[in-house]
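Student: Build me a model from this:
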Amino acid sequence: MLILYLVVGLIFVVIVWVIAKYNSLIQLRNQVKNGWKQIDVQLKRRHDLIPNLVQAVKGEMQFEQDTLQKVVEARNAAISAKGIAESAGKEDVLSGALSKLFALVENYPALKASENVKQLQEELTSTENKISFARQFYNDIATKFNITQQVFPGNIVASMFNFTVAELFEIKVEAEKEVPAVDLSLRK
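Tutor: Modelled structure (predicted):
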């Protein structure tokens, strides 16, 4: 009789543990989804600001139409991206196009002096910072979710219920991985 109680008790403990592990995986998966939605909100804001910036600089930048066209094309491609990996890649291309546009704006004194352009640049810069923080949060929670799925004995529960590894945001553009050159000399 004692052995029967021990077996029933052991089965009960295993069932409770499986339920607890399953619930923790569900919580982490939902946090990963929430992290992605936070990025998505900031990307939408960024995508909405870009046409305003392009309109604001279009008239002044007669000779830079190719750059403006690339920004618009990169924005449209980023909007149509499906999934995290594709979105990350297309957003990197958009970031590069925006960086080039911001660098070119510096060559136009009328644009540098324009309050509208300054405000749009500040809003886009602020949004870029928010995107960076949201990506960092997403990668942190996705890594935690992935580790929970991959370590023993959680990997058993994860495989029983077909949990999949969350994709991480990573830098795809090699130029962004390069260390910038910093010259602190005061020579003129």
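Student: Which helix runs longest in the protein?
Tutor: Of all segments of type helix in the chain, defined using DSSP state H, the longest is helix 2-58.
Student: ok now it, how far from the chain's centre?
Tutor: Helix 2-58 has its C-alpha centroid displaced from the chain centroid by 15 Å (CA atoms, centre = their mean, to the nearest Å).
Student: ditto for stretch 127-147
Tutor: 7 Å.
Student: Could you give me the buried positions within it?
Tutor: For stretch 127-147, the neighbour count (16 or more other CB atoms under 10 Å) marks 127, 130, 131, 134, 135, 138, 139, 141, 142, 145, 146 as buried. Quick note: C-beta positions are derived from backbone N, CA and C, even for glycine.
Student: out of those, who's nearest residue 24?
Tutor: Closest approach between the buried residues of stretch 127-147 and residue 24, by CB to CB: residue 145, at 9.7 Å.
Student: That closest one is in contact with residue 29, isn't it?
Tutor: Yes: the criterion here is CB atoms under 8 Å, and residue 145 meets it with residue 29 at 6.2 Å.
Student: Could you tell me which residues touch both of those two?
Tutor: Common contacts of residue 145 and residue 29 (CB atoms under 8 Å, 6 or more residues apart in numbering): residue 166.
Student: Before I go, just wanted to say thanks for your time.
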